[in-house]
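**Q** generate coordinates for the sequence data below:
(one chain, ligands or ions: 1)
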Amino acid sequence: MKKILLIGLGVIIVALAGFYIWQQGMSIETAQEEVDNEEEGAIEEMKDPSEATYSLEDIATHGIEEDCWVAINGKVYDLSHFASVHPGGDSVIEGCGKDATVLFETRPTGSGTPHSENARKTLDEYFIGTLSQ
Ligand code: HEM
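**A** Sure thing, here's the model as predicted:
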C-alpha cells in the first residue's frame, strides 16, 4: 500500500515538473515573439528616407512629444529626439502628428517669423521620408 502511494506521489511530482518546464518554454516563446515584433517595428522605421513615403494618417499616429513626426513643406521628419531640446520650447509639440508647415514658417506663438537657415539645416538631420499625396 505504502509503495503504491509513493509511486502515485512520484507520478504527480514528475507531472508537475513536466508542466512547469512546458510553461517556461511557452513564456520564452512569447518573449521571443515580442522581441521579433519589436524588431519588425524598428525595421519599419529604418526605411531608406530617400524612398520612404508617409501619409498624413501615418504621421497622425506619432502625435506626442516622445513620438513626434511632422510634415513640413512635403517632407516628413521624426522629431522624437528633438522636441524636448527644441530652442523654442514646447511650441513644437503643437505640430506633432500633423502637417506643421504653417507652424514652422510662421511661429504663431513666438516671433511670428519663419525659422532661421540654421533651423532648416537642423531639420535635415531628422528627415525620414516624403509626404505622400
Ligand atoms: C513645427 C512647429 C514649430 C514651432 C511652432 C516652433 C516655434 C518656435 C519658436 C516659438 C521659437 C522661439 C523663437 C521665436 O519666437 O521666433 C523657435 C525657435 C527655434 N526653433 Fe522652432 N518651432 C517648430 C519646429 C521646429 C523644428 C522642426 C526645428 C528644427 C528641427 C526648429 C528649430 C528651431 C531653432 C533652431 C530655433 C532657434 C531660433 C531659430 O534658429 O530660428 N523648430 N521655434
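**Q** just the helices in this structure please.
**A** Using DSSP state H, the helices found in the chain span residues 2-45, 56-60, 101-106, 117-124.
**Q** what parts of the protein come near the ligand?
**A** 70, 79, 82, 86-88, 91-92, 94-95, 100, 103-104, 107, 109-111, 113, 115-116, 118-119, 122-123, 126 (Cβ under 6 Å from any ligand atom). The C-beta positions use only the backbone N, C-alpha and C, and glycine is treated the same way.
**Q** please redo it, this time with the cut-off set to 5 Å
**A** Residues of the chain lying near the ligand by Cβ under 5 Å from any ligand atom: 87-88, 91-92, 95, 100, 103-104, 107, 110-111, 115-116, 118-119, 122-123.
**Q** of the residues you listed, grab the buried ones for ChimeraX.
**A** The command below creates a ChimeraX selection of those among these that count as buried (16 or more other Cβ atoms under 10 Å):
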select :92,95,100,103,104,107,115,123
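**Q** how close does the nearest residue to V92 once chain neighbours are set aside get to D48?
**A** In this structure, V92 finds its nearest non-sequential neighbour in H86, 4.3 Å apart by Cβ to Cβ, 6 or more residues apart in numbering. For H86, the distance to D48 (Cβ to Cβ, to the nearest Å) stands at 26 Å.
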